[in-house]
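S.K.: please work out how this folds:
(one chain, ligands or ions: 2)
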Amino acid sequence: MTHADYVIDQMISAKSIAARVEELATEISSHFRDTDKLVVVGLLRGSFVFIADLVRELDLPVEVDFLEASSYGSAMQSSREVRIIKDLSGEIARRDVLVVEDIVDTGFTLHHVVGLLRARGPARLEVCALLDKPSRREVDIRATWTGFEIPDEFVVGYGIDYAQRNRNLPFIGKVRFPEA
Ligand code: IMP
Ligand code: MG
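M.R.: Ligands and ions are numbered 1, 2, ... in the order given. Below is the predicted model:
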């Protein structure tokens, strides 16, 4: 796939993602098997494809809610300042909660969101991240379940964007800037 100034090389195929989503869903279903109703919280916007696939593989009663957090900064760099753009629609006090994130990079976003949600007194709160870039971590936080650990590359697809594009790619690819 080509664009004016960058190309996208496939890193994780749609088939590999589907297989991993199934495995994650099995582990999550087992962990929360005695839940009354799991509140699955998708972090917008990058997790929207992942959460759609994941909830359909969960063998649990679920409720789906969304939260949008944003860090100031340029398209390819996250910052330490995290803002809540859109809060949850429902309550999570005394509920079982699964936060679904696209990528854990520096960790600032997840750290902020988990702190905010824990303060609301959920019964249990766990995190499932599709991708993790451990080499980029600045805050000591990790997801309970991770789909794939990836190297320090800028990736797009399967919900993840570069400057609001490429979210609709069915696979995960890395962005490469060829020499001019
Ligand atoms: P953190 O706060 O640095 O962990 O940043 C996490 C957020 O930055 C993710 O939820 C993504 O929205 C964004 N992000 C981090 N790495 C990438 C990437 O490679 N491609 C697109 N977005 C990314
Ligand atoms: Mg995000």
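
S.K.: next, the buried residues of stretch 107-117.
M.R.: Judged by neighbour count using 16 or more other Cβ atoms under 10 Å, the buried positions of stretch 107-117 are Gly107, Phe108, Thr109, Leu110, His111, His112, Val113, Val114, Leu117. Using the backbone N, CA and C atoms, a C-beta is placed for each residue, glycine as well.

S.K.: just stretch 147-167 next, same as before
M.R.: 147-148, 150, 154-162, 166-167.

S.K.: cool, and stretch 8-25?
M.R.: In stretch 8-25, counting by 16+ other Cβ under 10 Å, buried: Ile8, Met11, Ile12, Ile17, Val21, Leu24, Ala25.

S.K.: contacts for the longest helix seen in the chain?
M.R.: The residue-count maximum for a helix in the chain (DSSP state H) belongs to helix 14-31. Contacts of helix 14-31 with the rest of the structure, by Cβ atoms under 8 Å, 6 or more residues apart in numbering, involve 50, 53-54, 57-60, 98, 126, 128, 130, 144-145, 147-148, 158, 170-172.

S.K.: mind redoing it with 7 Å?
M.R.: Outside helix 14-31, the residues that touch it by Cβ atoms under 7 Å, 6 or more residues apart in numbering are 53-54, 57-60, 98, 126, 128, 145, 147-148, 158, 170-172.

S.K.: what about that helix, average pLDDT?
M.R.: Taken as a whole, helix 14-31 carries a mean pLDDT of 98.

S.K.: alpha carbons only: can I get the very next helix or strand once past it in PDB?
M.R.: The element immediately downstream of helix 14-31 (helix or strand, assigned by DSSP states H and E) is strand 38-44. Output of strand 38-44 as PDB, limited to C-alpha atoms (Å, rounded to 0.1, in the frame of the first residue of the first chain):
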ATOM      1  CA  LEU A  38     -18.400  -7.600  32.500                       C
ATOM      2  CA  VAL A  39     -18.100  -4.000  31.600                       C
ATOM      3  CA  VAL A  40     -15.800  -3.900  28.600                       C
ATOM      4  CA  VAL A  41     -14.300  -0.400  28.200                       C
ATOM      5  CA  GLY A  42     -12.800   0.400  24.900                       C
ATOM      6  CA  LEU A  43     -10.400   3.300  24.700                       C
ATOM      7  CA  LEU A  44     -11.300   5.400  21.600                       C
END
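
S.K.: sketch out the low-pLDDT regions of the protein for me.
M.R.: Regions of the chain meeting the criterion pLDDT under 70 cover residues 1-3, 72-79, 180.

S.K.: noted, bye for now.
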